[in-house]
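Q: I would like to see how this sequence folds:
(chains A and B)
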Amino acid sequence: MSTIPQQELPRPGGFPEIRYKRYIPKVGPSGLVLFSGITLMCTFGLYRTGQGNLERRELEREKVWSRIHLIPLLQAEADRDTYRREVAAKQREAEIMKNHKGWKAGESVYNSDRYAPKPYVVLP
Amino acid sequence: MATHREASFLTTGKFIDPTPAPEEAAHPEVGATSAPLKSAAFFIGAYCKDYNEDFMLCKEENNDPAHCLKEGRKVTRCAMDLITKLRENCEKEWEAHYKCLEKHNQHYYACRKPERTFNECVFSKLKLEKVIPDAAGTPIHLREKTIYN
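A: Residues are numbered from 1 along each chain as shown, chains lettered A, B, ... in the order given. Predicted coordinates for the structure are as follows:
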């Protein structure tokens, strides 16, 4: 005669369910809302940045033109001063070199009629 | 900190040439500082357009300072004339604007309110208008809503 071997069996009524899932309560807006909200905010920010860049360009144009309008006035004043200094330097040079025959005061070192600003500053 | 000498070598007096100007270069100067000039720049550009362009064309012809003394005198005289007119007609508004410019690092955008009153005054009294060439859309000084202000 054969006996049925006794195996381990679940307790009567079975085991209780094993809780392996995370039970986290839903808090805050959903991922879709967050994502679309951040996208909207970034779009608005980039738009404002672009508008600001365009506006800065116009401000720069305004500044440049204000300077362009002032250039002749400032240049004329600077020219008169440079001319005065050049004439004075030439007179001093002529006075110093008056005993040297054939010396031309204020003569350019270049063989050209084009004006070249003095590369040095004359201290009177 | 340099306490024993001037901050700039230009102010030590070494570079001052006391020789008086020769007759052809003697002319009173405008004598205005940067803020009043920047405030009035567009009006100087509009009022003295012909003299300014003449001077710049002369300078293009020859860069020698002696070459354009006559044109330069005209430019300065025109600017002085405009400054006298501005002071006669819109001194208060002008002063408000250039003092604001002085206070705000000479940024135009920081001083739109005094600029508007000044521009209106100049337009009504002297018929001069501030025009920025090649401006895109509404000129920046006339915009109501701006990002930089």
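
Q: shaky segments in chain B?
A: Low-confidence segments of chain B (pLDDT under 70): B:1-10.

Q: longest helix in it, by number of residues?
A: The helix spanning the most residues in chain B, taking DSSP state H as the definition, is helix B:69-103.

Q: ramachandran angles for residue B:66?
A: phi -70, psi -20 (degrees, to the nearest 10).

Q: that one touches residue A:80, doesn't it?
A: No. Contact criterion C-beta atoms under 8 Å: residue B:66 and residue A:80 do not qualify, at 10.0 Å. No exception for glycine: its C-beta is placed from N, CA and C like everyone else's.

Q: quick one, which of those two is more surrounded?
A: Under the neighbour definition other C-beta atoms under 10 Å in any protein chain shown, residue B:66 and residue A:80 were set side by side, and residue A:80 has more, 24 against 16.

Q: quick one: that one from chain B, how far?
A: According to C-beta to the nearest C-beta, to the nearest Å, residue A:80 stands 5 Å off from chain B.

Q: please name the nearest non-neighbouring residue to that residue.
A: Closest residue to residue A:80 in three dimensions, ignoring its sequence neighbours and counting by C-beta to C-beta, 6 or more residues apart in numbering or on different chains: residue B:25, at 4.6 Å.

Q: which residues in chain B form helices?
A: When assigned using DSSP H, the helices of chain B occupy the ranges B:34-47, B:49-61, B:69-103, B:112-126.

Q: of those, which is nearest residue A:3?
A: For these, proximity to residue A:3 was assessed by C-beta to C-beta; helix B:112-126 is nearest, at 104.9 Å.

Q: from the contact counts, what lies against that closest one?
A: For helix B:112-126, the contact count by 3 or more C-beta pairs under 8 Å, 6 or more residues apart in numbering or on different chains; DSSP states H and E identifies helix B:34-47, helix B:69-103 as packing neighbours.

Q: and these, which is most packed in?
A: Comparing those by mean neighbour count (mean count of other C-beta atoms under 10 Å in any protein chain shown), helix B:34-47 comes out on top with a mean of 22.

Q: gap between the most centrally placed residue in chain B and residue B:82?
A: Nearest residue to the geometric centre of chain B (C-alpha atoms, centre = their mean): residue B:37, 2.7 Å. Distance of residue B:37 to residue B:82, computed by C-beta to C-beta, to the nearest Å: 11 Å.

Q: next one: residue A:100
A: Going from residue A:100 to residue B:82 by C-beta to C-beta gives 50 Å.

Q: can you check residue B:132 too?
A: Shown here: residue B:132 relative to residue B:82, a distance of 19 Å by C-beta to C-beta.
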